[in-house]
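Colleague: Please work out how this folds:
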Amino acid sequence: MADVTGKTVAFLLTDGYEDSELTSPWQAVTRAGASAVLVSPRAGRVGGKKGHSQTVDVPVAEADASSYDALVLPGGTANADALRMNGDAVAFTRSFFTEHKPVGVICHGAWILADADVLSGRTLTSFPSLRTDLSNAGATWVDEEVVVDEGLVSSRTPADLPAFNDKFVEEVMEGKHGGQTG
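Modeller: Numbering: from 1, shown residues only. Okay, here's the model as predicted:
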């Protein structure tokens, strides 16, 4: 397994996230040695669709991408829709691309990438209902378990999490990617 000791990974989400899309990657990065930090527009705790609840570590309005080595954007329709409507969340996400840092997106988590305007010329996957939105934002959408494009790691559903976790931890280990730009 890749060693990412000393790295810090931000997880950006709010209420309504897909529980396993937070917990599984969180466990993967921390088992590989990284620190994980929950960033949210919401204070206190956030709740998942199936009852998982977790304390917010940093408000997104105060978060700075330069403090983190990578970003994970879990899905969940309500979560993803709320984040893409939050200017601080969109700006925080865009910063990871301009700083060439790895970003992992699962399921509906990719929605915010269209609003962050970072998809032109990129290849990714997502939950199938996002295909048109992501294509209209300039991406090439493919139906694959996991897609890696210059530090952008994407998967379709919770069933893809084992492959997503492996590839995301690998990208975090590799660090900055010159082609990861917004």
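Colleague: Relative to residue 6, how far out is residue 105?
Modeller: Taking CB to CB, to the nearest Å as the measure, residue 105 falls 24 Å from residue 6. For every residue, glycine as well, the C-beta is placed using N, CA and C.
Colleague: just for this structure, where's the confidence low?
Modeller: Low-confidence segments of the chain, defined by pLDDT under 70: 1, 182.
Colleague: For residue 105 and residue 6, indicate the residue with more neighbours.
Modeller: residue 105 (30 against 9; other CB atoms under 10 Å).
Colleague: SS state for that one?
Modeller: Of the three states, residue 105 takes strand under DSSP: H, G, I helix; E, B strand; the rest coil.
Colleague: Relative to residue 130, how far out is it?
Modeller: 10 Å.
Colleague: What of residue 15?
Modeller: Here the distance between residue 15 and residue 130 works out to 20 Å (CB to CB).
Colleague: do the same with residue 39
Modeller: Residue 39 is 22 Å from residue 130, by CB to CB.
Colleague: now residue 149
Modeller: 16 Å.
Colleague: These two: who's more crowded?
Modeller: residue 130 (26 against 19).
Colleague: show me what contacts residue 28?
Modeller: 165-166, 168-169 (CB atoms under 8 Å, 6 or more residues apart in numbering).
Colleague: Just the buried residues of those.
Modeller: The neighbour-count test (16 or more other CB atoms under 10 Å) marks 165-166, 168-169 as buried among these.
Colleague: Pick the one among the residues you listed closest to residue 113.
Modeller: residue 168 (15.2 Å; CB to CB).
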